[in-house]
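Peer 1: Provided below are the primary sequence and the corresponding predicted coordinates.
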Amino acid sequence: MNVKTAGRTLDLFEAFAREGRPLSLSQLARAIDAPVSSCFGIVRTLEARGYLYEVKARAGYYPTNLLFEHARVIASRDPLAERFVPLMEKLRDQTGETVLLSKRLDRQALYLVVLDGLHSIRYSPKVGEFRPLHASASGKALLGSLAPALRNELLCGMKLPRVTSRTITSRAALEADLEQGRARGWYVTHGETVADLMAVAVPVTVNSETYSVALAGPMHRMEGALKRYAKLLAGLRTTLEGHA
């Protein structure tokens with residue numbers, strides 16, 4: 001199986017998640033942007049392994065619960081969840097805002113855990129989404145925690161595209177922002193990825209791996225509570241690193 005096939009297989013499951021109904025072979029082929037013959041091979045393999053079944057009355061295919069069962073077992077044994085999630089849940093309950101756990105993947109921050117805030121209006125990204133390092137609090141915390149030589153190497157080859165009117169697009173300005181974050185112990189964004197979104201984050205090192213934990217919500221709620229939230233995040237960091 002090559003990389004293209006692996007990507008198409010993931011696209012297939014994402015198509016079912018998006019559509020929420022049985023899909024015919026031709027519909028699946030369009031969804032994963034593949035020839036019908038290639039899609040047929042993927043479908044037949046997944047069917048033989050018990051991941052898909054044919055809904056003959058609907059002339060289509062649909063996933064079985066096998067993928068869910070595997071995912072449930074995997075999630076239940078996630079070492080990050082066991083360590084981070086209870087403290088993240090407490091932080092979410094204390095603040096009412098969305099709490100995010102991220103890790104750097106090359107030049108982006110990858111959301112590993114997302115706990116939605118308790119307000120009806122809240123920031124609600126999905127696990128597996130990426131955010132630019134230069135324009136997100138999570139990304140800044142991950143950048144700021146790097147050794148100077150590695151950070152310099154990363155920034156030298158990194159584009160700083162504008163996402164909103166507030167995005168930092170100058171390397172000098174970004175380095176100054178990161179230095180402020182290092183000095184105070186936390187990093188912040190003001191509408192730099194999403195116009196009305198504010199977030200504050202801290203880096204957390206556990207077992208020699210660095211993650212970021214962030215709080216994010218609308219500016220009108222976050223601004224007045226920023227220092228309190230930063231203090232709560234600092235406490236979470238101390239607890240996690242103290243038990244590493």
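Peer 2: Here it is on my side, so go on. Quick caveat: nothing in here was measured; it's all calculated off a predicted structure.
Peer 1: so where do the strands sit in the chain?
Peer 2: 52-55, 60-63, 98-105, 108-115, 130-132, 187-190, 197-206, 209-218 (DSSP state E).
Peer 1: Output those as a markdown table; include the columns mean neighbour count.
Peer 2: No exception for glycine: its C-beta is placed from N, CA and C like everyone else's. As requested, these are arranged in a markdown table below (neighbours: other C-beta atoms under 10 Å):
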| stretch | mean neighbour count |
| --- | --- |
| strand 52-55 | 17 |
| strand 60-63 | 18 |
| strand 98-105 | 22 |
| strand 108-115 | 19 |
| strand 130-132 | 20 |
| strand 187-190 | 23 |
| strand 197-206 | 24 |
| strand 209-218 | 23 |
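Peer 1: Show the pLDDT at R72.
Peer 2: At R72, the predicted lDDT confidence score is 84.
Peer 1: Quick check: it vs L66, distance?
Peer 2: 11 Å (C-beta to C-beta, to the nearest Å).
Peer 1: quick one, which of these two is more surrounded?
Peer 2: Between R72 and L66, counted using other C-beta atoms under 10 Å, L66 has the larger neighbour count: 14 against 11.
Peer 1: In this structure the more buried one contacts Y51, no?
Peer 2: Yes - at 5.4 Å, L66 counts as touching Y51 under the criterion of C-beta atoms under 8 Å.
Peer 1: Show me the residue sitting in the middle of the chain in space.
Peer 2: The central residue of the chain, meaning the one whose C-alpha is nearest the mean C-alpha position (C-alpha atoms, centre = their mean), is Y111 at 1.6 Å.
Peer 1: Now it: closest residue in space, sequence neighbours ignored.
Peer 2: Spatially, and ignoring its direct neighbours in sequence, Y111 is nearest to E129 (5.0 Å; C-beta to C-beta, 6 or more residues apart in numbering).
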